[in-house]
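> whatever this is, show me its structure:
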Amino acid sequence: MTQQPNRMSQKKFRIGELASQLKIEKFVIRFWEKEFGLKSTRSTGGQRFYTSEDYKCFVAIKDLLYNQGYTISGARSKLSKEVRKIKDPEKIMGAKLDKDQKKEKVIEKEIITVIDEKILEKVRTLKSQLIKFQKEFI
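Below is the predicted model of the structure:
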């Protein structure tokens, strides 16, 4: 009789499979994603997919909360300390960013820089207008 492989060893799996393996409800996973700032990959239809690295992260969160008695805040702090210990800064919770995620991060930074520059220019313009307005009435 052959043993079926664990679903968690697959490359990607759905939220229901993750919840089943962790023995928790799906809403708990969604809540932890939000509270711990975790990002699951999504299909074009918006369905969440998880990797074995994501699974390991959720196992760690469950252990901290359910077995070790940490609060959400305490567990978040503990995990962030663990992430800082990882030598490769591109590793997050033990998972490397893929090329598309790296490109997205670079693009996000570039967009934020452009937006910041535009906002700064608007502030300068408003400041000069305010100075002119004050000179007129003083």
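
> going forward, measure contacts and count neighbours with C-alpha atoms only.
OK.

> distance between the ends of stretch 27-45?
End-to-end distance for stretch 27-45: 19 Å, by C-alpha to C-alpha, to the nearest Å.

> how about the nearest residue to Thr41, chain neighbours excluded?
Phe49 (5.3 Å; C-alpha to C-alpha, 6 or more residues apart in numbering).

> and the one you found, that one's in a helix?
No - Phe49: not assigned to a helix; according to DSSP: H, G, I helix; E, B strand; the rest coil it is strand.

> so in terms of bridging, what pairs with it?
Assessed by DSSP bridges, Phe49 has beta-bridge partners Arg14, Thr41.

> now do the contacts for it.
12-15, 40-43 (C-alpha atoms under 8 Å, 6 or more residues apart in numbering).

> which ChimeraX command selects the buried ones in those?
To isolate the buried ones among the contacts of Phe49 in ChimeraX, judged by 16 or more other C-alpha atoms under 10 Å, type:
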select :13,15,40
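
> which pLDDT value goes with the residue nearest to Thr41?
On the pLDDT scale, Phe49 is placed at 91.

> check which residues of stretch 28-35 are buried.
Within stretch 28-35, the residues scored as buried using 16+ other C-alpha under 10 Å are 29, 32.

> per-residue confidence averaged over it?
pLDDT averaged over stretch 28-35 gives 92.

> for the remainder of this discussion, apply numbering that starts at 298.
Shifting the count to begin at 298 puts that one at stretch 325-332.

> which residues touch that stretch?
If you take C-alpha under 8 Å, 6+ apart as the criterion, stretch 325-332 is touched by 312, 316, 335-337, 355, 369, 373.

> can I get the residues you listed in JSON lines with pLDDT, distance to Leu361 and secondary structure?
As requested, the contacts of stretch 325-332 are exported to JSON lines (pLDDT from 0 to 100; distance: C-alpha to C-alpha, whole Å; DSSP: H, G, I helix; E, B strand; the rest coil):
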{"residue": "Ile312", "pLDDT": "93", "distance to Leu361": "20", "secondary structure": "helix"}
{"residue": "Ala316", "pLDDT": "94", "distance to Leu361": "17", "secondary structure": "helix"}
{"residue": "Leu335", "pLDDT": "87", "distance to Leu361": "16", "secondary structure": "coil"}
{"residue": "Lys336", "pLDDT": "85", "distance to Leu361": "19", "secondary structure": "coil"}
{"residue": "Ser337", "pLDDT": "86", "distance to Leu361": "20", "secondary structure": "coil"}
{"residue": "Phe355", "pLDDT": "92", "distance to Leu361": "10", "secondary structure": "helix"}
{"residue": "Ile369", "pLDDT": "90", "distance to Leu361": "9", "secondary structure": "helix"}
{"residue": "Arg373", "pLDDT": "88", "distance to Leu361": "9", "secondary structure": "helix"}
